[in-house]
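[1] coords below, sequence missing:
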């Protein structure tokens, strides 16, 4: 019999070996697995057998510890053995070499006192004292739910690489048991497992129920969120007296059709119940603790599918990985599968599943705005999408004002995010998952509309090209200037509207207004012009003499030839005079007494003509004469 089963990540071996020696020198029988357990194989019979011969598990809980499947299975087995005896910490001890405790799961272990890895003598003393209170070895149970009260769901994908999420779920369901760490002193709260369709939410809930059944002597209840009332009626007398803790799983909660109050009413009907919801949407953030489930990481994806190219093509989507992985193991050529995955004549995933599994991935795209924004995202994929991207495409395709297009784009992105159909990317962008794109290609109800938006996306977002040379190699003859793109016309219009409303184009009558405000207005026009060019991905370029005006060249002239010489001359002069304003004198009165005020007003009036010429030329690009005739 072992006193201690020493569990550790292979990367911590050089720190663990001195600890193991010290424990043995202290008279303890210590098991260490020097050979290790192969990655992704779970817990082997050998390890399970040695755990069954040990009084307690001592976890060297570094930040790398929860990343090792073998470590997590060892910890889970010992934890559940202690839980079956009434205290999950009875058979588990923790050595924490890190400065904090946030990496430690489950929460009950985070709440416990941890021995410091810096004081090995104290660790040995603590371990000796702990195991002396244990009568015999732990009794780990083989996994397998024995307390199902309602039917067991049939998973469609293999479970892999989600051990840290299992502990997140368990810690969240039991946060009230460690109030000093979590700040929660009330009864158990609900937990939501959220994510896109096929990402493994139901599978994670099922694996949790199977692996942690010992925590719920009152049983496991599995209810269908789509037909909750029917599931509840089927339980009938099986609800029992509810005298012991039980797990209440509501799978596939429909998002959008129910209010948060209605979803909250689906929670466990007794304080001893621990509620676990699975749902693909994000509409109920205030309902319990959130566990957001994303794609599998690359190493787990490769193990599940057995091919790097296919793994990258579906970006860690568990359902797609499982279907393709089974096909690879059955002897199908991965390159053929890859080509077939991108064919438009039928979904490979549906064929491999023997069912229309892809329809459910996009069934929540139910409104015009969400559908159109998804089409915009599909046109740009694999590049991420911004609200402004979708706005420009919709404005160009439907010939609607930018304000209308912006509202539709914003609403569409918001709905897609709520339904987990796009995920946030850096800098306010949104990413479409390739499996969602695959499903949309095969279930788009209006492919003609998709083509319209795809063409608009190409025109508005990809129209700018480098100059194309013609003729023989080395020829400097360029192609004729292309017509302004939609982006250039929109940028010209925005700058034109802003320009004709500014002081400079709008004449400042003698003795009225403020010269300081005029300078500020012109300076802000420079900032606005630069921001507009950036919004439309247009560079600032000096024009060529006699060349056709472009929005780039006109913006350059506006900033560098017209406004900057004026502001560069008059801003420092006015600022120096303003600094001498006597106390008690109003700034406008002081400005009116400036000897150079009349000269500045005269030069501001002369600035009006070049600004008007630029506005008119911008109108020639935008196709609008807004304000030009009125100011001429």
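    Right, received. Where do you want to start? Keep in mind it's a predicted model, so treat the numbers as computed, not measured. Numbers count the residues shown, from 1 in each chain.
[2] when you work out contacts or count neighbours from here on, use the C-alpha atoms and nothing else.
    OK.
[3] average model confidence for the helix or strand where residue 228 lies?
    Using DSSP states H and E, residue 228 falls within helix 228-235. The pLDDT scores in helix 228-235 average 86.
[4] may I see the buried residues of that helix?
    By neighbour count on 16 or more other Cα atoms under 10 Å, the buried set for helix 228-235 is 228, 231-232, 235.
[5] now those residues as a markdown table including distance to residue 460?
    Shown next, in a markdown table, are the buried residues of helix 228-235 (distance: Cα to Cα, whole Å):
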| residue | distance to residue 460 |
| --- | --- |
| 228 | 47 |
| 231 | 51 |
| 232 | 53 |
| 235 | 57 |
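[6] quick one: the strands in the stretch 1-150 of the chain?
    2-7, 30-31, 54-60, 92-96, 115-116 (DSSP state E, counting those that start in this stretch).
[7] now do the helix holding residue 228: distance to the chain's middle.
    Counting by Cα atoms, centre = their mean, to the nearest Å, helix 228-235 is centred 34 Å from the centre of its parent chain.
[8] packing partners for it?
    strand 220-224 (3 or more Cα pairs under 8 Å, 6 or more residues apart in numbering; DSSP states H and E).
[9] ok and the strand it packs on relative to helix 228-235, angle-wise?
    Here strand 220-224 points in a direction 140 degrees away from that of helix 228-235 (axes from the mean of the first three to the mean of the last three Cα atoms, to 10 degrees).
[10] so which elements touch strand 220-224?
    So strand 220-224, by 3+ Cα pairs under 8 Å, 6+ apart, packs with helix 228-235, strand 246-251.
[11] now do the first one against strand 246-251, angle only.
    So the one you mean is helix 228-235. 140 degrees.
[12] wait, residue 525 touches residue 500, no?
    No. At 10.6 Å, residue 525 does not count as touching residue 500 under the criterion of Cα atoms under 8 Å.
[13] could you give the mean pLDDT of stretch 198-206?
    The predicted confidence, averaged over stretch 198-206, sits at 91.
[14] chain center to it, what's the gap?
    Worked out by Cα atoms, centre = their mean, stretch 198-206 lies 18 Å from the chain centre.
[15] ok, now stretch 585-600?
    With Cα atoms, centre = their mean, you get 55 Å for stretch 585-600.
[16] what of stretch 408-415?
    16 Å.
[17] how about stretch 396-416?
    That offset, for stretch 396-416, works out to 22 Å (Cα atoms, centre = their mean).
[18] can you check stretch 91-110 too?
    That offset, for stretch 91-110, works out to 27 Å (Cα atoms, centre = their mean).
[19] what about it, start to end distance?
    Counting by Cα to Cα, to the nearest Å, you get 15 Å between the two ends of stretch 91-110.
[20] and stretch 576-595, by the same measure?
    Stretch 576-595 has an end-to-end distance of 13 Å (Cα to Cα).
[21] ok, the residue nearest to residue 255 when sequence neighbours are not counted - how many residues close by?
    Spatial nearest neighbour of residue 255, excluding adjacent residues (Cα to Cα, 6 or more residues apart in numbering): residue 281 at 5.6 Å. Look at residue 281: counted by other Cα atoms under 10 Å, it has 25 neighbours.
[22] for residue 548, same thing?
    Count around residue 548 with other Cα under 10 Å applied: 9.
[23] OK, contacts around it?
    Residue 548 makes contact with no residue, according to Cα atoms under 8 Å, 6 or more residues apart in numbering.
[24] in the helix ranked longest in the chain, what counts as buried?
    Longest among the helix segments of the chain by residue count, using DSSP state H, is helix 597-622. Under the neighbour-count criterion of 16+ other Cα under 10 Å, helix 597-622 has 600-601, 604-605, 607-608, 610-622 buried.
[25] next: stretch 214-228.
    214-225, 228.
[26] and which of those residues is nearest to residue 33?
    Closest approach between the buried residues of stretch 214-228 and residue 33, by Cα to Cα: residue 214, at 26.5 Å.
[27] need the nearest residue in space to the closest one, chain neighbours excluded.
    residue 84 (6.0 Å).
[28] count of neighbours near that neighbour?
    20.
[29] can we start the residue count at 8 from this point?
    Yes, from this point I'll number from 8; that puts the last item at residue 91.
[30] I figured it hits residue 224, correct?
    No. Applying Cα under 8 Å as the test, residue 91 and residue 224 come out as separate, 9.2 Å apart.
[31] give me the common contacts of the two.
    Counting by Cα under 8 Å, 6+ apart, nothing touches both residue 91 and residue 224.
[32] which residues touch whichever strand or helix holds residue 584?
    Assigned by DSSP H and E, residue 584 belongs to helix 571-585. Residues outside helix 571-585 that contact it (Cα under 8 Å, 6+ apart): 523, 526, 529-530, 594, 597-598, 601, 607, 610-611.
[33] helices or strands up against the next helix or strand after it?
    Using DSSP H and E, the helix or strand that follows helix 571-585 towards the C-terminus is helix 594-599. Contact analysis of helix 594-599 by 3+ Cα pairs under 8 Å, 6+ apart lists helix 571-585 as its packing neighbours.
[34] mind listing what's buried in the helix it packs on?
    Burial within helix 571-585, assessed by neighbour count using 16+ other Cα under 10 Å, is assigned to 571, 573-574, 577, 581, 585.
[35] quick check: mean pLDDT of it?
    92.
[36] tilt between it and helix 604-629?
    Going by the same axes, to 10 degrees, helix 571-585 is angled at 150 degrees with respect to helix 604-629.
[37] now find how far off-centre helix 571-585 is within its chain.
    So, by Cα atoms, centre = their mean, the centroid of helix 571-585 is 48 Å from its chain's centroid.
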